[in-house]
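A.B. asks: show me the folded form of this:
(one chain, ligands or ions: 1)
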Amino acid sequence: MSITINNICKNYNLPSGQRFPALVNLTFDISAGDFVVVLGESGCGKSTLLNMIAGTETVSSGEIRVGNKIIKGPDPSRSILFQQPALLPWLNVEENIVFGCKLRGDKKNLKHVYEWIQTMGLSGFEKMYPAELSLGMAQRVCLARAMIGHPEILLMDEPFSSLDTFTRTHLQKELVDFWQVENFTGIFVTHDIDEAILMGSRILLLGGRPGRIIDMFDIDLDHPRDISHPLFIKLRTYILKKLRKTLIGFREKINYASG
Ligand SMILES: Nc1ncnc2c1ncn2[C@@H]1O[C@H](COP(=O)(O)OP(=O)(O)OP(=O)(O)O)[C@@H](O)[C@H]1O
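C.D. replies: Numbers count the residues shown, from 1 in each chain. Next up, the predicted model:
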């Protein structure tokens, strides 16, 4: 599914009655099957953008289209993975994975639950409850729950940031494998530059306050990617320079305004 972001702005209404501008004038297209990584410093509006595409947050102006339809709210064709595994504590692994299928009456995909349990390395743990799982296992359950319905769009908000390096590296690779097989459109939020270059087919650089687009470009490297590849290193340096420049510009603006 393609996604069109057309001149969107987001203002939050603060309890003081003031409006806080979080994002300004974002315009870009995501083609069906892209894996876009949204990269930027903390507070530049990455999660806000993701939530608006998920339909859990409204736009203040502009519009977001999925295919030809303007997003009006959440939809099962768009699955979301959060930073912390969001599992229902009273359901076991298997029940958590099929929860969405049951809710939608999706019997066809529900039948494949044991394939997903196996693919995710959760065999033997299907009757365990979330409190008994490690963080990495719990995130695998979330990934299985997201994938079992074959979403057209998978939205991910720093899903691996609280995992240890080994689990994280493993899941990054598995996610890219799923993306290559399932061909969903992925949007992945992170502030880890290497993670962005390792996984994305495109990178969207956001920065500033309010957040705006700094750059958007394709990554022309085959998977699996090697962090010591010269193009990888070149991209990392380029992104660092761009982000640093925006951050310095933002700090100078603050100093100027306050001094
Ligand atoms: N519900 C809200 N009400 C008011 N302000 C908000 C709300 N949600 C987010 N913000 C503000 O909007 C800005 C963007 O927040 P957002 O969480 O989208 O940034 P982010 O880039 O995802 O940050 P991080 O990387 O730290 O998660 C921040 O300044 C934040 O304080």
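
A.B. asks: neighbours of residue 237, how many?
C.D. replies: As a burial measure, residue 237 scores 11 neighbours (other C-beta atoms under 10 Å). In this view, the C-beta of every residue, glycine as well, is placed from N, C-alpha and C.

A.B. asks: any stretches of the stretch 51-200 of the chain with poor pLDDT?
C.D. replies: For the stretch 51-200 of the chain, no stretch is flagged by pLDDT under 70.

A.B. asks: what residues does it have near the ligand?
C.D. replies: Applying C-beta under 6 Å from any ligand atom, we find that the stretch 51-200 of the chain lies next to the ligand at residue 191.

A.B. asks: contacts only, for the residue in the stretch 51-200 of the chain positioned nearest to the ligand.
C.D. replies: The minimum distance from the stretch 51-200 of the chain to the ligand, using C-beta to the nearest ligand atom, falls at residue 191 (5.5 Å). Going by C-beta atoms under 8 Å, 6 or more residues apart in numbering, residue 191 touches 39, 40, 41, 42, 46, 158.

A.B. asks: measure the nearest residue in space to residue 131 that is not next to it in sequence to residue 96 for me?
C.D. replies: Distance criterion C-beta to C-beta, 6 or more residues apart in numbering; nearest residue to residue 131, sequence neighbours excluded, is residue 89 at 6.3 Å. Separation of residue 89 from residue 96 (C-beta to C-beta, to the nearest Å) stands at 9 Å.

A.B. asks: pretty sure residue 215 sits against residue 242.
C.D. replies: Yes - contact criterion C-beta atoms under 8 Å: residue 215 and residue 242 qualify, at 5.8 Å.

A.B. asks: which is the succeeding secondary structure element to the helix or strand hosting residue 116?
C.D. replies: Per DSSP states H and E, residue 116 falls inside helix 113-119. With elements assigned by DSSP H and E, the helix or strand that comes after helix 113-119 is helix 135-148.

A.B. asks: contacts for that next one?
C.D. replies: With contacts defined as C-beta under 8 Å, 6+ apart, helix 135-148 is touched by 79-82, 85-87, 93, 96-101, 109-110, 112-113, 116-117, 119-122, 125, 130, 133, 154, 159-160, 162-164, 167, 171, 174-175, 178, 182.

A.B. asks: try 6 Å this time
C.D. replies: If you take C-beta atoms under 6 Å, 6 or more residues apart in numbering as the criterion, helix 135-148 is touched by 79, 81, 85, 87, 93, 96-97, 109, 116, 120, 130, 163, 167.

A.B. asks: okay, buried residues for it please.
C.D. replies: Buried residues in helix 135-148, counted by 16 or more other C-beta atoms under 10 Å: 136-148.

A.B. asks: got it, and stretch 233-249?
C.D. replies: 235, 238, 239, 243, 246.

A.B. asks: gap between the second one and the ligand?
C.D. replies: Applying C-beta to the nearest ligand atom, to the nearest Å, one obtains 20 Å for the distance of residue 238 from the ligand.

A.B. asks: what about that residue, is that helix, strand or coil?
C.D. replies: Here residue 238 is recorded as helix under DSSP: H, G, I helix; E, B strand; the rest coil.

A.B. asks: quick one: contacts for it?
C.D. replies: Residue 238 neighbours (C-beta under 6 Å, 6+ apart): none.
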